[in-house]
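K.L.:
build me a model from this:
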Amino acid sequence: MSLSDIAAAQQRVVSVLRQRPAFGVQADAPALARWEGALRARTTHDNGTEVVTDMPAEIGGGASSVTPGWLLRAALASCAVTRIAMLAATEGLVLETLEARATSRSDARGLFGMADADGCIVTPGPGDVQLHVRIGAPGVAPERLRALVAASAPLSPVTSALQEPLTVAMHVDVAVDGEAQG
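P.N.:
Got it, this is the predicted structure:
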């Protein structure tokens, strides 16, 4: 799609959402993960796309694929790039370079429910999450590009999910003889 096509598509969606705000609320596509043995999982999208994850050999995995934590960083980086490109299209900016690198630091003790020296359980989630954006557009001032990135950050769904407190409602069905029991 061209820059003008992207901008026009976004304008159409915004126009519809202004007239019918309820159209904006919908269920997101589910991700169904199935255990494949050891520490490997295959996650599928309704459209058939699959992503396989595995854990490092040091903790019992086969190291045959990326980890779920890497997918979180990949989601952060790709969502940021997408949202920046969307905003650039609406502003008519032709980008020459756009990439984002998501980094984080994690403490493996959290994965095992271990406590720190002070007795507090170590969080299994990543800390020190950073997003490094590299952007360039011919003839566009660096200040404008920095402002573009800053304006798009709060509009990125994945960035928002990581920054806002989010409760995950857990539902468990126990399979008995291959059939789920509530």
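
K.L.:
quickly note the distance from the closest residue in space to residue 61 that isn't next to it in sequence to residue 25.
P.N.:
Excluding the flanking residues, the one nearest residue 61 by Cβ to Cβ, 6 or more residues apart in numbering is residue 55, at 2.9 Å. To be clear about C-beta, it is placed using only N, CA and C from the backbone, and glycine gets the same treatment. Note on residue 55: its distance to residue 25, by Cβ to Cβ, to the nearest Å, is 36 Å.

K.L.:
residue 115 contacts residue 123, doesn't it?
P.N.:
No. Between residue 115 and residue 123 there is no contact under Cβ atoms under 8 Å: 11.3 Å.

K.L.:
measure stretch 105-119 end to end?
P.N.:
Its start and end residues considered, stretch 105-119 measures 21 Å (Cα to Cα, to the nearest Å).

K.L.:
list the buried residues in it.
P.N.:
106, 110 (16 or more other Cβ atoms under 10 Å).

K.L.:
let me see the contact set for the spatially most central residue of the chain.
P.N.:
In the chain, the centroid-proximal residue (Cα atoms, centre = their mean) is residue 75; its distance is 2.6 Å. Residues counted as contacts of residue 75 (Cβ atoms under 8 Å, 6 or more residues apart in numbering) are residue 158.

K.L.:
tell me which element residue 83 falls in.
P.N.:
helix 68-90 (DSSP states H and E).

K.L.:
give the next helix or strand downstream of that helix.
P.N.:
Next element after helix 68-90 (DSSP H and E): strand 97-105.

K.L.:
that next one pairs with which strands, parallel or anti?
P.N.:
Next to strand 97-105 in the sheet, as set by DSSP bridges, lie strand 127-136 (antiparallel).

K.L.:
in this structure, which spans are helices?
P.N.:
With helices called from DSSP state H, the chain shows them at 3-19, 68-90, 142-152, 157-163.
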